[in-house]
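>>> Build the 3D model from these lines:
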Amino acid sequence: MSAIDHLIHANDTYASDFPGPRPLRPKLRMTVIACMDSRLDLFGALGLAVGDAHLIRNAGGIITDDVLRSLALSQRSMGTREVVIIHHTDCGMFGMDDDAFRAELAQESGHEPPWRVPGFTDLPADVRASIEAVRNCLWVPHRDDIRGFVFDVATARIEEVG
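Numbering: from 1, shown residues only. Below you'll find the predicted structure:
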């Protein structure tokens, strides 16, 4: 059985007990921006239930144009107000060499990607930079309540970055 077949089977089980649709707007009026790393169980670690918050995930939880686009929609169309940014220990983006990665992709494909792959070398500093990137985005109307954290993949604890 392939991994996709496993997902289809799991969905059959899930759908049989599905309680029905939930409200469109997140109950907690919150957006969580985090890394796509499969070790981060945001629902379990943060005590969230389906329908509580919007989750925006990408490599590194980095604040890209697409993240800001999604956050602007989340706030303007779905009523979210608070923003939580979560980066984590042992991240694959730590020490990522953007220029080398993009050069490799260009060499293999013959086309340079239009996007960047910015890594970082200081985790708390990157969380602070992410907070500032959201605070400086004029398309995001609610920028007062933004907090950042580092999730420790070894302990599952979060630590706030001030």
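>>> Could you check the helix or strand where residue 131 lies and say which residues are buried?
Assigned by DSSP states H and E, residue 131 belongs to helix 123-135. Buried residues in helix 123-135, counted by 16 or more other C-beta atoms under 10 Å: 123, 126-127, 129-131, 133-134. (Each C-beta comes from the backbone N, C-alpha and C, glycine too.)
>>> got CSV for those, with pLDDT and distance to residue 106 too?
Below are those laid out as CSV (pLDDT from 0 to 100; distance: C-beta to C-beta, whole Å):
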residue, pLDDT, distance to residue 106
123, 96, 29
126, 96, 25
127, 98, 30
129, 97, 26
130, 97, 27
131, 98, 32
133, 98, 26
134, 98, 30
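>>> Pick the one among those closest to residue 19.
residue 134 (32.8 Å; C-beta to C-beta).
>>> Now do the helices in this protein.
3-16, 42-46, 65-78, 98-109, 123-135 (DSSP state H).
>>> Can you point out the buried residues in the third one?
Neighbour counts using 16+ other C-beta under 10 Å place 67-68, 70-71, 74-75 of helix 65-78 among the buried residues.
>>> if we can go back for a sec, need the buried residues of helix 123-135 in TSV (columns: distance to residue 112).
Output for these, formatted as TSV (distance: C-beta to C-beta, whole Å):
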residue	distance to residue 112
123	28
126	24
127	29
129	25
130	25
131	30
133	24
134	28
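>>> is it true that residue 52 touches residue 31?
No. Contact criterion C-beta atoms under 8 Å: residue 52 and residue 31 do not qualify, at 10.8 Å.
>>> what's the burial count for the residue nearest to residue 84 when sequence neighbours are not counted?
Excluding the flanking residues, the one nearest residue 84 by C-beta to C-beta, 6 or more residues apart in numbering is residue 32, at 4.7 Å. By other C-beta atoms under 10 Å, 24 other residues sit near residue 32.
>>> Residue 32 contacts residue 45, doesn't it?
No. Residue 32 lies out of contact with residue 45 (C-beta under 8 Å); the separation is 10.2 Å.
>>> mind checking how far residue 132 is from residue 125?
11 Å (C-beta to C-beta, to the nearest Å).
>>> got the contact list for residue 79?
Residues in contact with residue 79, defined by C-beta atoms under 8 Å, 6 or more residues apart in numbering, are 25-26, 29.
>>> my guess is residue 22 contacts residue 52, does it?
No. With contact defined as C-beta under 8 Å, residue 22 does not count as touching residue 52 (9.4 Å).
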